[in-house]
Structures are given as structure tokens and as C-alpha cells.
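Q: The sequence and its predicted three-dimensional model are supplied below.
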Amino acid sequence: MPPNLSILRLSEILTVNRFRQKFKSFIDQYELRELHFQSLMRTKECEVQYNVARYEQQRKLAENETTRSRTLNAQVSTFSQTETELRSQLNIYVEKFKQVRYCCIFFMLLRSLMSTSTGKHANTIAWLIGILLQDPLSFLLCSLSSSHLALISNPVYLSRWKIP
């Protein structure tokens, strides 16, 4: 072989070897990049799964809170209605108690007037008995005028006759 040819051949072999090394280096880098990319993809998939799980957990907590809120609102509504009904019943009982109290005061007044009946109390006794005989039910339900109620419920008068 001529010397030129062998140098040429050697030069070709070296070029091929350099090319192989560069190509191998390129393939190795590509494989490393591929491994890195796969690892990044797995990391991202794990992040997505974590976020989905966290979202589901938060959604369930929100649903539970919504259900709890609705239940508590229903209870508050029920309690408000019950309170309103009880207050109206209490007001009715207070009014009935006042009517009974005025009737008791009336009968105590009538008894005291009759026990100390003199000429000056005769008109008042007649008036009270007349009201009672004409319409006992309406009398018991408040037929006394405001001036008579004021007189009867006067604290000085009540303390004199020991009426509560």
C-alpha cells in the first residue's frame, strides 16, 4: 500500500472513530435527557395526583360544611318559629292573668265596699253589681273603664286593702 493511501485510510478511521464518539456522546446525552424528561413527567403526574386528592378532600369538606350549615339554619328557623309561638302564647297568658287579677281586685273592692257600706259607697256598689249582673262574661273580660281600673290598680289603694 502506498503511504498516502494508508495515511488516508488512517485519517478515515480516525474521522469515523471521532464521528462514532460524537454520535455515541449525542446518543448518551439524548438518553439522559429522555430519562430526565421521564422523571419530570413522573414528578408532574405525582403533583397532579396530589392536587386532585387535595381538591377532592377540600370538596368533601365543603360539602360537609354546607350540609352542616343547612342543618343549623333549619334548626335556627325552627327555634325562631318556636320562640315566636311561645312568645305569643306568653302574651295571651299575660293578658288572661291581667284579666283575672282585675277580677280579683274587683271582688276584693266589692267585698271591702260592702263590708264598710255607707251611703257614700252605695252608688259605687250599685254600679259594680249592675255591671256584673248585666253581662258577667264581658265584665270578667275587661268591662271596667280605664278610670275604674286606674282607681282599682292604684298602689296606695292596693296596699290599703292588701291586694297584690
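A: Nice, I can see it.
Q: Helices of the protein, residue ranges please.
A: Ranges of helices within the chain are 3-115, 119-134, 136-140, 146-152, 155-161, based on DSSP state H.
Q: could I get those as a markdown table with mean neighbour count?
A: (C-beta placed from N, C-alpha, C; glycine too.) Listed next are the helices of the chain as a markdown table, based on neighbours: other Cβ atoms under 10 Å:
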| stretch | mean neighbour count |
| --- | --- |
| helix 3-115 | 11 |
| helix 119-134 | 12 |
| helix 136-140 | 12 |
| helix 146-152 | 13 |
| helix 155-161 | 11 |
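Q: would you turn the ones you listed into JSON lines with mean pLDDT?
A: Listed next are the helices of the chain as JSON lines, based on pLDDT from 0 to 100:
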{"stretch": "helix 3-115", "mean pLDDT": "90"}
{"stretch": "helix 119-134", "mean pLDDT": "64"}
{"stretch": "helix 136-140", "mean pLDDT": "52"}
{"stretch": "helix 146-152", "mean pLDDT": "51"}
{"stretch": "helix 155-161", "mean pLDDT": "49"}
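Q: how about stretch 42-62 as CSV, C-alpha atoms only?
A: Output of stretch 42-62 as CSV, limited to C-alpha atoms (Å, rounded to 0.1, in the frame of the first residue of the first chain):
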residue,chain,number,x,y,z
ARG,A,42,-43.5,11.3,36.8
THR,A,43,-43.0,14.2,39.2
LYS,A,44,-45.7,16.2,37.4
GLU,A,45,-48.1,13.3,37.5
CYS,A,46,-47.5,12.9,41.2
GLU,A,47,-48.1,16.6,41.7
VAL,A,48,-51.3,16.3,39.7
GLN,A,49,-52.5,13.3,41.7
TYR,A,50,-51.7,15.1,44.9
ASN,A,51,-53.6,18.2,43.8
VAL,A,52,-56.6,16.1,42.7
ALA,A,53,-56.6,14.3,46.0
ARG,A,54,-56.4,17.6,47.9
TYR,A,55,-59.2,19.0,45.7
GLU,A,56,-61.4,16.0,46.5
GLN,A,57,-60.7,16.3,50.2
GLN,A,58,-61.5,20.1,50.1
ARG,A,59,-64.6,19.4,48.1
LYS,A,60,-65.8,16.8,50.6
LEU,A,61,-65.1,19.2,53.5
ALA,A,62,-67.0,22.0,51.7
